[in-house]
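S.K.: here's a sequence, model it:
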Amino acid sequence: MPSNSQLIENFYTAFARRDYAGMIACYAPDINFADEVFTLHGKRVGAMWHMLCEAGTDLQITHSNVQADDANGGAHWEARYTFSRTGRPVHNILDAEFHFRDGEIIWHRDHFDFYRWARMALGPTGTLLGWTPMVHNQVRKTAAANLEKFIAAHPEYQ
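M.R.: Residues are numbered from 1 along each chain as shown. This is a model prediction of the structure:
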């Protein structure tokens, strides 16, 4: 069984290859995930990564500062991609927290500056309104609808 640090390394190495199956293999079946856009559990977490890996044709992932003990861990990671809805380039900077159980990730929380992301991804709208709950909630709603469509087309996640 890999160490928890190696588990995090495996996760981000798979992500950099857009290997969603490799990412999902690092998770416990009852995984809990949250970030500024999604709050998901179980198979839906894998569906999200699958969707993002497929959509991110120019996605570039780097990671650093991996640390872990028997129960908890963390890492810094960065994603560069083109936001498909606007065609705008995004460089998102994130910090992740993990909890482990029996050699698997059971809990994963990503933190990033939503307003910074909105300014890049949404352009003038993000600059003017990206800090507002209205825009944040609309992004969440759109992302959730996209995930629902993806899951409907991929029965393995139902």
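S.K.: skip the chain neighbours and tell me the closest residue to residue 61.
M.R.: Distances taken as Cβ to Cβ, 6 or more residues apart in numbering place residue 16 nearest to residue 61, at 4.3 Å, with adjacent residues excluded. Placement of C-beta: from N, CA and C, glycine included.
S.K.: these two touch, right, that neighbour and residue 53?
M.R.: No. Under the criterion of Cβ atoms under 8 Å, residue 16 makes no contact with residue 53, lying 10.3 Å away.
S.K.: ok, these two, which is more surrounded?
M.R.: Taking other Cβ atoms under 10 Å, residue 16 and residue 53 do not tie; residue 53 has more neighbours (20 against 15).
S.K.: low-confidence stretches in the protein?
M.R.: Scanning the chain with the threshold set as pLDDT under 70 gives 1.
S.K.: determine which residue lies closest to the centroid of it.
M.R.: residue 49 (6.4 Å; Cα atoms, centre = their mean).
S.K.: would you say it is within a strand?
M.R.: No. Applying DSSP: H, G, I helix; E, B strand; the rest coil, one finds residue 49 to be helix, outside a strand.
S.K.: packing partners for the longest strand along the chain?
M.R.: Assignment by DSSP state E gives strand 88-101 as the longest strand of the chain. The contact analysis (3 or more Cβ pairs under 8 Å, 6 or more residues apart in numbering; DSSP states H and E) places strand 88-101 against helix 4-16, strand 72-83, strand 104-111, helix 114-122.
S.K.: show me what the second one is packed against.
M.R.: Secondary structure elements in contact with strand 72-83, counted by 3+ Cβ pairs under 8 Å, 6+ apart, are helix 4-16, strand 60-68, strand 88-101, helix 114-122.
S.K.: of those, which is nearest residue 31?
M.R.: Evaluated with Cβ to Cβ, these place strand 88-101 nearest to residue 31, the distance being 10.0 Å.
S.K.: that closest one versus helix 114-122: what angle between them?
M.R.: 140 degrees (axes from the mean of the first three to the mean of the last three Cα atoms, to 10 degrees).
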